[in-house]
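sharing a sequence plus its predicted fold:
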Number of protein chains: 2
Amino acid sequence: MNKKVESAIKPTRTENYAEWYQEVIKAAELAEVSPVRGCMVIRPWGYGIWENIQSVLDGKFKETGHQNAYFPLFIPISFLEKEAKHVEGFAKECAVVTHHRLEVNAEGKLVPAPSAELDEPLIVRPTSETIIGEVYAKWVQSYRDLPLLINQWANVVRWEMRPRIFLRTAEFLWQEGHTVHATSEEAMEETLKMLEVYSEFSEKHLAIPVIKGEKTPKERFPGAVHTYTIEGMMQDRKALQMGTSHFLGQNFAKASDIKFQDKEGKMAHAWTTSWGVSTRLIGGVIMAHSDDDGLVLPPRIAPKHVVIIPIFRDESEKAGVIEYCDTLAAELSARYYHEGKVRVLVDKRDMRGGDKTWQHIKRGVPIRLEVGPRDMAAKSVFMGRRDKTPKDKVGVPRDEFVNTCVSILDEIQAALYQKALTERDSNMRRIDDLKEFEEFFTAKSADKPEIHGGFALCHWSDDPRLDAKLAELKVTIRCVPLSGPEESGKCLFTGKPSHRRAVFAKSY
Amino acid sequence: MNKKVESAIKPTRTENYAEWYQEVIKAAELAEVSPVRGCMVIRPWGYGIWENIQSVLDGKFKETGHQNAYFPLFIPISFLEKEAKHVEGFAKECAVVTHHRLEVNAEGKLVPAPSAELDEPLIVRPTSETIIGEVYAKWVQSYRDLPLLINQWANVVRWEMRPRIFLRTAEFLWQEGHTVHATSEEAMEETLKMLEVYSEFSEKHLAIPVIKGEKTPKERFPGAVHTYTIEGMMQDRKALQMGTSHFLGQNFAKASDIKFQDKEGKMAHAWTTSWGVSTRLIGGVIMAHSDDDGLVLPPRIAPKHVVIIPIFRDESEKAGVIEYCDTLAAELSARYYHEGKVRVLVDKRDMRGGDKTWQHIKRGVPIRLEVGPRDMAAKSVFMGRRDKTPKDKVGVPRDEFVNTCVSILDEIQAALYQKALTERDSNMRRIDDLKEFEEFFTAKSADKPEIHGGFALCHWSDDPRLDAKLAELKVTIRCVPLSGPEESGKCLFTGKPSHRRAVFAKSY
């Protein structure tokens, strides 16, 4: 009989996936619910991941010719009304600013001052197409001003009724690219180029394989002509939309009157795009890689790559061990690892070594080194890797570790990606029978009640009957993959002819 | 007779300093007034300066042991009420969120939905002491959790009745450090350490000499025990408060109930600090260094260090010149300059070379190189420096320029600092006579009606008579310099005994 191995996170993924997610976040000190409804506090370890995501993406945006700028937090209500579809999709849940002053009332309480009501209420940006469009209309005059390639790092607010940390919060952090082009072709090229930047980033840095595809008309960004997405599979086999890139055609250019004089002197409306990823990516990283002992971080975005835990019995051993650890840390920190250097922490806190080790396991640090007097004497380190089990630790000669550290990090990165890819591929299948489709999304095994289904590749049609069936199963069409072959078939739900499969999945 | 030299910016500094400031911003494409009242759009060139400021300061914060985190944009009104002095100082002008949904009314207009009124209104953070205090109260339990050293990069909103780009806008970008300590001494050490970080940054990177000092009780941050500031002198001799660091004592810890168990097991309220600088620094850079031809940028924060302008008459010359410029740019970009590399732009736009040159002068690029076929043949470049006059250009052998570029940048940086220091020191004087004081702040010469006064170092007392006189002259006490010697004297306004001089100035 196997003794059940205790795990650091309760409940486990199979017991209750949603609660496991919250517990991983808590144990890793990534973020927490704030005193303000629906908003989160991103703690230093979680923010450190975001800083790494920002730094890599920002570099890629600049390599592809973009510059950063900053636009106002507030949007006058009237701006929203300009693009009809956009207002439908975005005007619903948002934070509305109606006053610009507080005053103390008769009961001694602070209240919005009635005399300071705004003539026109402002909303806190849920996304910035409308305000940026207004500004671009002034900046763009001639073909010489194009393309205009700008990105903004910002906070946005979408009032959420069922907030969930990183995945869906009232306020979140993101970047939004907004570009203007002289031709439809150039705008489409930009849209797909940025989708490719996102996809490569997701696979290479977050170690999450994604499917690039186009959203169906119902799932388009309000006001877009085409919306492209990258979709990743989480460990509960649900899909996570990880980034989107929108070809806006001339819709927003017409709404905001972005016009330019072409080389022949004729005036024409421009073509625009927008694209964004958010702190939701951190939620994706958690759900794609973590295990029942807590967070597992791909090295390329980990705030620390290596933690060194000095182990000593008493003060007499302390100084020597600390010095050995500091010297080791200095040597490791001098090594290059992709965009930067190896990030090392020597954990000198006044705590039991075992408690520290578990804390760093739960925080997902890729490599842990425990170093005590015996390791010092043997000129070695005792290494644990986060992609192996907690007890799977090995002694390694110190200099060998220094020389191989970077390749071990690459090995961990590759292993995480490979694991996620295998998991995704083994839970993705073509389905051509409605009954099989229903079973795929409903059959649950007793030992994994929360984990079932996956990605179903099926023929489809844009028809209300399909929507009804999907709503019943709580399944959505995630996208029509760009790499999917042309293939004649029949819609699984209506029998209508179809020439391409879409990805169906439950989702976040 | 001298022919009057035409300048690129109208009006000039002496003609109308305030308008000159706006025109420099416009000509350099740094920022602009947005369609949302009081908010600004920071354009790529202005945001590039902010990115450089962020990157250097962020490095310094991390070197001094701080980590970044992120706290909610919104603060419930009730949080403000906790610290009595704080509410007095901050509750006045702010953006108040009262609804969380819009709906279409009977006339077809979007309006805040009456059914979606918030139970408790939220304000958009004007500063985050209260919300962060609430969170810290949970994080801090034991002396082991201290010190807690956290910084946040964020946007904040303070409704401004008289906005002025970069100096005073409803929304601005800043960083706010919030730290918690076990003892008063440690909190004070932190407060002064961060003041030192700001002062060093201002002098070394922004090339603006500053006076470090303490604010008088009336000018303190609402709720602080001591507020320290760095004050720089602008070219119109007014003072600009460039950064502040607050020792908050136990005031906010008591208001938010931040308590910890000390080594002996006793519970005690913690000691906190906060410190911040904002996009206002960009305003300081503009006003400290720019001239009547536009922006002048200290190289260490310039988005580009060198711009190369290819000059050719026709297509037959173009390819060769461009190639020469690109090769030169690649060599320069490989050179290290302080925190990074030399930042080079080859301006290939389809525009007249002379127009480009003037644009880059107005944008404050430290070094301009004009390169045409003759320079190519002579293996040289034609160099203009922004710290010299526009026509002061010299031919330099190409390889010599590559080898000396970094030291030329350092030379420009040092020259800007020296110029600002000389200007400041020649307009700062001890004044011990009230009549002289009045004259100092009122005498205006006919040729420079806007530029007068400076920093007056005077004995003072905390007395209403002094306030009345200062209000009349539109002068404020900027700070009591930390480096000022103990010196017995009499208050200039009341005759009361004084043992230290304060800096008096007009200000922004």
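The structure has been received and is ready for your questions. Numbering: from 1, shown residues only, chains lettered A, B, ... in the order given.

show the pLDDT at residue A:160.
At residue A:160, the model reports a pLDDT of 82.

so it makes contact with residue A:93?
Yes: under the criterion of C-beta atoms under 8 Å, residue A:160 lies in contact with residue A:93, with a separation of 7.1 Å. Placement of C-beta: from N, CA and C, glycine included.

overlap in contacts of these two?
With C-beta atoms under 8 Å, 6 or more residues apart in numbering or on different chains applied, the contact sets of residue A:160 and residue A:93 do not overlap.

what about residue A:500, neighbour count?
Around residue A:500 there are 17 other residues, counting by other C-beta atoms under 10 Å in any protein chain shown.

contact partners for it?
A:459, A:480, A:484, A:485, A:486, A:487.

now residue A:410
With C-beta under 8 Å, 6+ apart, residue A:410 has these contacts: residue A:299.

if we can go back for a sec, out of the contacts of residue A:500, which is nearest to residue A:27?
residue A:480 (38.4 Å; C-beta to C-beta).

now the longest helix along chain A: buried residues?
In chain A, taking DSSP state H as the definition, the longest helix is helix A:398-426. Buried residues in helix A:398-426, counted by 16 or more other C-beta atoms under 10 Å in any protein chain shown: A:398, A:401-402, A:405-406, A:408-409, A:412-413, A:416-417, A:419-420, A:423-424.

what is the burial count for the residue lying closest to residue A:311 once chain neighbours are set aside?
Closest residue in space to residue A:311, ignoring its immediate chain neighbours: residue A:372 at 3.7 Å, by C-beta to C-beta, 6 or more residues apart in numbering or on different chains. Using other C-beta under 10 Å, residue A:372 has 18 other residues around it.

name the element the residue in the stretch 351-500 of chain A that chain B sits nearest to belongs to?
Using C-beta to the nearest C-beta, the closest approach of the stretch 351-500 of chain A to chain B is made by residue A:351 at 7.6 Å. Per DSSP states H and E, residue A:351 falls between elements, in no helix or strand.

so who does the closest residue to it other than its chain neighbours touch?
The shortest distance from residue A:351 to any non-neighbouring residue, by C-beta to C-beta, 6+ apart, is to residue B:144 (7.6 Å). Counting by C-beta under 8 Å, 6+ apart, residue B:144 makes contact with A:349, A:350, A:351.

for chain A, which segments count as helices?
Going by DSSP H, chain A shows helices at A:17-27, A:44-63, A:77-80, A:84-90, A:129-139, A:184-204, A:251-256, A:280-289, A:315-333, A:353-362, A:373-377, A:398-426, A:434-442, A:464-473.

just those helices: most buried one?
Across the helices of chain A, averaging neighbours per residue (mean count of other C-beta atoms under 10 Å in any protein chain shown) puts helix A:280-289 on top, at a mean of 25.

wait, does it contact chain B?
No: counting by C-beta under 8 Å from any C-beta of the partner chain, chain B has no neighbours in helix A:280-289; the shortest distance is 11.5 Å.

for the record, mean pLDDT for that helix?
98.

that one packs against which elements?
Helices and strands touching helix A:280-289, by 3 or more C-beta pairs under 8 Å, 6 or more residues apart in numbering or on different chains; DSSP states H and E, are helix A:17-27, helix A:44-63, strand A:226-233, strand A:239-247, helix A:398-426.

still on that earlier bit, wait, which of the helices of chain A is closest to residue B:359?
helix A:129-139 (15.0 Å).

how about residues contacting the closest one?
A:71-72, A:75, A:79-80, A:82-83, A:86, A:125, A:145, A:148, A:150, A:152, A:178, A:180, A:223, A:248, A:252-253, A:255-259, A:272, A:274, B:32, B:34-36, B:41.

name the nearest of the contacts of residue B:144 relative to residue B:104.
Nearest to residue B:104 among the contacts of residue B:144, with distances taken as C-beta to C-beta, is residue A:349, at 56.6 Å.

please list the residues of the stretch 351-500 of chain A that sit near chain B.
So the stretch 351-500 of chain A meets chain B at residue A:351 (C-beta under 8 Å from any C-beta).

dump the residue contacts of the spatially closest residue to residue A:237 that is not a sequence neighbour.
Excluding its sequence neighbours, the residue lying closest to residue A:237 (C-beta to C-beta, 6+ apart) is residue A:454, at 4.4 Å. The neighbourhood of residue A:454, defined by C-beta under 8 Å, 6+ apart, consists of A:233, A:237, A:424, A:427, A:428, A:429, A:440, A:505.

buried subset of these?
A:233, A:237, A:424, A:427, A:428, A:440, A:505.

what's the burial count for residue A:487?
By other C-beta under 10 Å, neighbour count at residue A:487 equals 11.

just to revisit the earlier point, is it true that the residue nearest to residue A:311 touches residue A:312?
Yes: using C-beta under 8 Å, residue A:372 is in contact with residue A:312, at 6.4 Å.
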